[in-house]
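Engineer: Need a 3D model of the sequence below.
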Amino acid sequence: MTDLTRRGLIFGAAAAVAVGIFAGIDRVASSTFIKDEPPLDPNATVDIVEFDDCGNRMGKTRVHKVQKTLAEWQRVLSTPQFVITREAATEIPYSGREMLNEHRAGIFRCADCGTALFDAKAKFESGTGWPSFWQAMAPENVREKDDFSMGVLRREVLCARCDAHLGHVFDDGPDPTGLRYCMNSVALKFSAKRSA
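Structural biologist: Reported below is the predicted structural model:
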């Protein structure tokens, strides 16, 4: 094989690899800036359990899912809420001191749609820097899905009514469930228990 043929083969292979790398980088960069949004379905419903502010179970009901485009969510949420609940980010531990240090009787609701998620009676000090609960108020009000975003399998927790990213659930919690619902504080709003 002559030097000219060998150089051509080497440069041709290098050019092909470079084109592949740049195409991959372009695809990743484009997907970062342009989010594919699923089409909104105005008829989508979900069964959730309603609770009043005293924590009384009002019963299971079928409701319309709360659906907005990302642009609509961005207009109604604070920047931290949008980044966490709509883009599945995680807040810095101990940054949500208000929810982390909330110990009154009451209900933690979804910050985006108001769905009842956790009773304060199920809250515990996990030492992680995020509000943690050993169970959801009603399994119907949250949904879980596999999350490989950190290169490890985790269980993401979302609000069943509006699909807000809430945090993750782990199996290192206390009795009686052994679960630790580790939630982002900006994904929650607290309703103090009112006297009946």
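Engineer: what ranges do the helices span in this structure?
Structural biologist: 3-33, 70-76, 79-81, 97-100 (DSSP state H).
Engineer: contacting residues for the residue positioned nearest the centre of the chain?
Structural biologist: What sits nearest the mean C-alpha location of the chain, by Cα atoms, centre = their mean, is His165, with 1.7 Å. Listed by Cβ atoms under 8 Å, 6 or more residues apart in numbering, the contact set of His165 reads 84-89, 156-158, 184, 187. In short, each C-beta sits where N, CA and C put it, glycine included.
Engineer: can you rerun that using 10 Å?
Structural biologist: Residues near His165 by Cβ atoms under 10 Å, 6 or more residues apart in numbering: 83-90, 112, 147, 156-159, 183-184, 187.
Engineer: same deal with Met183?
Structural biologist: Contact partners of Met183, counting by Cβ under 10 Å, 6+ apart, are 91, 96, 99-100, 108, 117-118, 123, 130-133, 142, 157, 165-169.
Engineer: Restricted to strands, list these.
Structural biologist: In strands, judged by DSSP state E, the following of those are found: 108, 117-118, 123, 132-133, 142, 157, 165-169.
Engineer: Turn the buried ones among those residues into a named ChimeraX selection, would you?
Structural biologist: Selection of buried members from these for ChimeraX, criterion 16 or more other Cβ atoms under 10 Å:
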select :108,117,118,123,132,133,142,157,165,166,167,168,169
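Engineer: With respect to Ala71, which of the ones in strands among the contacts of Met183 is nearest?
Structural biologist: Of all the ones in strands among the contacts of Met183, Ala71 sits closest to His165, with 17.6 Å by Cβ to Cβ.
Engineer: From Leu166, how far out is the nearest residue to Glu144 once chain neighbours are set aside?
Structural biologist: Of all residues not flanking Glu144 in the chain, Arg155 sits nearest, at 4.9 Å (Cβ to Cβ, 6 or more residues apart in numbering). The spacing between Arg155 and Leu166, counted by Cβ to Cβ, to the nearest Å, is 11 Å.
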